[in-house]
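**Student:** okay, sequence plus prediction incoming.
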Amino acid sequence: MNGLIFRGVFLYQLVAVLADFKIESQFKNQLLNDYDPSARPIRNSKQPIDVSIQLLLRQIVDLDEKNQILVSAMLIRLVWTDEQLVWSNTANSSKLPKRIILPYQRVWTPDLYIYNNVASSKSNQGFLNVNGSQVLIHENGVVHWNLPITVQSSCLVDVLYFPFDHQVCEIQIASWTYDEAQLKLHVEVSLQTN
C-alpha cells in the first residue's frame, strides 16, 4: 500500500514539474515573440542604455615582462535593464516566474570589447562573450550577465626598481559600435577577488 501511495505522490510531482516546464517554455517563447536582439532595449531611442560593469580578479595567470603582456582570469559582471523584457506589471504576473535564464544570444547584450587585448585576432577574443554563457532576467527587466574569462592584455611593465617594483595594468573595455549617447558604462569598483 505504501508503495502505491509513494508512486502516486511521485507521479503527481512529476506531472507538476512537467507542467511547470511547459508553462515556463511557453512563457519564454511568448516573451521573446517579436523580440529583436540586435535592437537596443530602450523605449526612448534618444537615451543611452545604462550598463553597470564590475571586474572581479580571480587570478593573475602570468605577467610577461619581456612581451609586456598580462594574462588574468576574471569574472566580468554586467547589469542593465531591458525594457522589452518586463512582465512584473502584467495581469498574470503572480503566476509567472520571477526570473528566467536564457542563452545570451537570444537577448540584446552590450557589444563590449577589450581594446588593449593582445590575443589572436582570429579567435575574436577581444569581445566579451562566452559560448554557453547565459543571462538571468528578472521580472522587472533587469538583466545579469556573468562572464568568466581569461584576458590577455597589454601592460607596460617597468622593472627599474626590481624586485621592489610596483605595476599597474589597465584593462580598457568599451563598446565596439555604440557611442556614449547610445550606451553608457558605469564601472562598479570592487576589491573582491574570487
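**Tutor:** On my side now, so go ahead. Residues are numbered from 1 along each chain as shown.
**Student:** C-alpha only now, for contacts and for neighbours.
**Tutor:** Will do.
**Student:** next, give phi and psi for residue 25.
**Tutor:** Dihedral pair for residue 25: phi -60, psi -50, per degrees, to the nearest 10.
**Student:** and if you look at the one 4 residues further on?
**Tutor:** Backbone torsions for residue 29, taken as degrees, to the nearest 10, come to phi -60, psi -40.
**Student:** what is the burial count for it?
**Tutor:** For residue 29, the neighbour count with other Cα atoms under 10 Å is 12.
**Student:** ok, the one 5 residues further on next?
**Tutor:** Using other Cα under 10 Å, residue 34 has 8 other residues around it.
**Student:** what residues sit buried inside whichever strand in the chain runs longest?
**Tutor:** Assignment by DSSP state E gives strand 49-64 as the longest strand of the chain. For strand 49-64, the neighbour count (16 or more other Cα atoms under 10 Å) marks 49-58, 63 as buried.
**Student:** what of stretch 31-40?
**Tutor:** 35, 40.
**Student:** switch to numbering from 407
**Tutor:** Right, with 407 as the first residue, what we last looked at is stretch 437-446.
**Student:** ends of that stretch, what's the gap?
**Tutor:** 16 Å (Cα to Cα, to the nearest Å).
**Student:** what is the distance between it and the centre of its chain?
**Tutor:** Relative to its chain's centre, stretch 437-446 lies at 17 Å (Cα atoms, centre = their mean, to the nearest Å).
**Student:** ditto for stretch 483-501
**Tutor:** The chain centre lies 17 Å from the centre of stretch 483-501; the measure is Cα atoms, centre = their mean.
**Student:** pull the CA atoms of that stretch into CSV?
**Tutor:** Coordinates of each C-alpha in stretch 483-501 appear next as CSV, following Å, rounded to 0.1, in the frame of the first residue of the first chain:
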residue,chain,number,x,y,z
ARG,A,483,29.6,41.1,-14.2
LEU,A,484,27.3,43.2,-16.4
VAL,A,485,23.9,44.5,-15.4
TRP,A,486,21.3,46.5,-17.4
THR,A,487,17.6,46.9,-17.8
ASP,A,488,15.9,45.6,-20.9
GLU,A,489,12.6,47.5,-21.2
GLN,A,490,11.2,44.9,-23.6
LEU,A,491,11.6,42.1,-21.1
VAL,A,492,9.4,43.3,-18.3
TRP,A,493,6.5,41.1,-17.1
SER,A,494,6.0,42.2,-13.5
ASN,A,495,3.1,44.6,-14.4
THR,A,496,1.1,42.1,-16.4
ALA,A,497,-2.2,40.7,-15.3
ASN,A,498,-0.9,37.2,-14.8
SER,A,499,2.5,38.2,-13.2
SER,A,500,1.7,36.4,-10.0
LYS,A,501,1.6,33.1,-11.9
